[in-house]
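> need coordinates for the following:
(2 chains)
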Amino acid sequence: MAKGKVIFNEDICKGCALCTTNCPVNIVVLDTSRINQKGYHPATLSDPEQCIGCANCAMMCPDNVITVERF
Amino acid sequence: MAVVFEKTKGLTEKETHYCPGCTHGIIHRLVAEVLEELDVLGETVGVAPVGCSVLAYEYFNCDMQEAAHGRAPAVATGIKRALPDKVVFSYQGDGDLASIGTAEIVHVAHRGEKITTIFVNNAIYGMTGGQMAPTTLIGQKTTTSPLGRDSNLTGFPLRMSEMLATIDGAVFVERVSVHNPAAIRKAKKAIKKAFEVQLEGKGFGIVEVLSTCPTNWGMTPVKALGWLEENMIPYYPLGNFKSPEEAK
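Predicted coordinates for the structure are as follows:
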């Protein structure tokens, strides 16, 4: 059962992958099957059910792509 | 359900022009969050530098003024003296503050101007294409030191925070980093403290933030964070060099 919800504003993601470096449950990944309007692979969650809502990913994001909610 | 993280009102809706993974974006956010939390966004005038962050006036959601290269502290001095009730900060990179603007930052500290400076140190000139800066580490390769910086030829990297901490007019001096969430939280605390020092009218405050330049360092953004931690922090130790209690 997910404790948190991460919302990505995908259109402005630059695919830098800094958000993927500090996820304690290792579910933040770049979606290499898609390209956003800027031309980058956008960040996404591989398994949203595992999210604990810690907001580490949002803390690392230089482009304010991420909003985090906690249940 | 509660929102635990969302974009601060201290930043405009404009997307930044920074390269992917550039930590300027994180540092902009921290400054903007602090201004929002202190509820001074409507009372703040920021001064943008020359360098990668030259367009910072497009991103901060407060009044902004652009300054000539290195002269942000001088412009901030004028604004603060004309409008002493406003919160005034300068946002400068290492090419701006530690090279062409060294005189301005030393004298703004020596006069004890009641402004706050955010100094972003990434050990290289970013905007102009990765040339050696005064803060470039020994052995670090740049476009103007292709074999690595040689101290016999170009001297040693400049530690600005340590230097400014020796000046009586500087009452708050701290060096922080943004290479992981814990460091980012500490950086935000230091930035908040620096603005509080200004609001209390105690004197000049500066926060040096170690930052990355993945493009000109020639590595991925993730590797750049590791390079910062392994190479920059040993030479530029993190910590508080001066606080108002010591300055008395």
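> can you get me a residue count around whatever residue of chain A ends up closest to chain B?
For chain A and chain B, the shortest gap (CB to the nearest CB) falls at residue A:62, measuring 2.7 Å. (Each C-beta comes from the backbone N, C-alpha and C, glycine too.) The number of residues packed near residue A:62 is 25, by other CB atoms under 10 Å in any protein chain shown.
> ok now whichever helix or strand residue B:88 is part of, how far from the chain's centre?
Assessed by DSSP states H and E, residue B:88 sits inside strand B:87-93. Taking CA atoms, centre = their mean, to the nearest Å, the mean C-alpha location of strand B:87-93 is offset from the chain mean by 8 Å.
> which other residues reach the very next helix or strand once past it?
Note on strand B:87-93: by DSSP H and E, the next helix or strand toward the C-terminus is helix B:94-95. Defining contact as CB atoms under 8 Å, 6 or more residues apart in numbering or on different chains, one finds that helix B:94-95 is touched by B:51, B:119-128, B:133-135, B:160.
> out of those, which is nearest to residue B:4?
residue B:120 (26.7 Å; CB to CB).
> what residues are up against residue A:2?
Contacts of residue A:2 (CB under 8 Å, 6+ apart): A:48-51, A:53, A:71.
> mind doing that once more with 7 Å?
A:48-49, A:51 (CB atoms under 7 Å, 6 or more residues apart in numbering or on different chains).
> in ChimeraX, select just the buried ones from the contacts of helix B:94-95.
The ChimeraX command for the buried members of the contacts of helix B:94-95 (criterion: 16 or more other CB atoms under 10 Å in any protein chain shown) is given here:
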select /B:51,119,120,121,122,123,124,125,126,127,133,134,135,160
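> point out where chain A drops to low pLDDT.
Of all residues in chain A, none has pLDDT under 70.
> residues from it in reach of chain B?
Residues of chain A lying close to chain B (CB under 7 Å from any CB of the partner chain) are A:12, A:14-18, A:21-22, A:40, A:53, A:55-56, A:58-60, A:62-64, A:66-71.
> check the burial of the residue in chain B that chain A sits nearest to by counting its neighbours.
Using CB to the nearest CB, the closest approach of chain B to chain A is made by residue B:25 at 2.7 Å. Residue B:25: 25 surrounding residues under other CB under 10 Å.
> and the pLDDT for it?
The score at residue B:25 is 97. That number is its pLDDT.
> and for residue B:114?
pLDDT, residue B:114: 97.
> residue B:127 - nearest residue in space that isn't next to it in sequence?
residue B:52 (4.6 Å; CB to CB, 6 or more residues apart in numbering or on different chains).
> strands of chain B, start to end?
Remark: strands assigned in chain B by DSSP state E are B:2-5, B:44-48, B:63-66, B:87-93, B:116-121, B:170-177, B:204-210, B:239-242.
> which among these is found nearest to residue B:224?
Of the strands of chain B, nearest to residue B:224 by CB to CB is strand B:204-210, at 11.2 Å.
> follow-up on the earlier one: are any of the contacts of residue A:2 buried, and which?
Looks like those have residue A:51 buried, using 16+ other CB under 10 Å.
> can I get the contacts of residue A:2 in JSON lines with distance to residue B:33 and secondary structure?
Formatted as JSON lines, the contacts of residue A:2 follow (distance: CB to CB, whole Å; DSSP: H, G, I helix; E, B strand; the rest coil):
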{"residue": "A:48", "distance to residue B:33": "26", "secondary structure": "helix"}
{"residue": "A:49", "distance to residue B:33": "30", "secondary structure": "helix"}
{"residue": "A:51", "distance to residue B:33": "23", "secondary structure": "coil"}
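> which one of the contacts of residue A:2 is nearest residue B:71?
Once CB to CB is applied, the member of those that ends up nearest residue B:71 is residue A:51, at 46.6 Å.
> thought the closest one was touching residue A:4?
Yes - Residue A:51 lies in contact with residue A:4 (CB atoms under 7 Å); the separation is 4.3 Å.
> assign a three-state SS to the residue of chain A closest to chain B, would you?
coil (DSSP: H, G, I helix; E, B strand; the rest coil).
> likewise the one 5 residues further on?
Per three-state DSSP, the secondary structure class of residue A:67 is strand.
> residue B:160 touches residue B:123, doesn't it?
No - counting by CB under 7 Å, residue B:160 sits too far from residue B:123 to count as a contact (11.9 Å).
> for chain B, which residue occupies the most central location?
residue B:119 (2.0 Å; CA atoms, centre = their mean).
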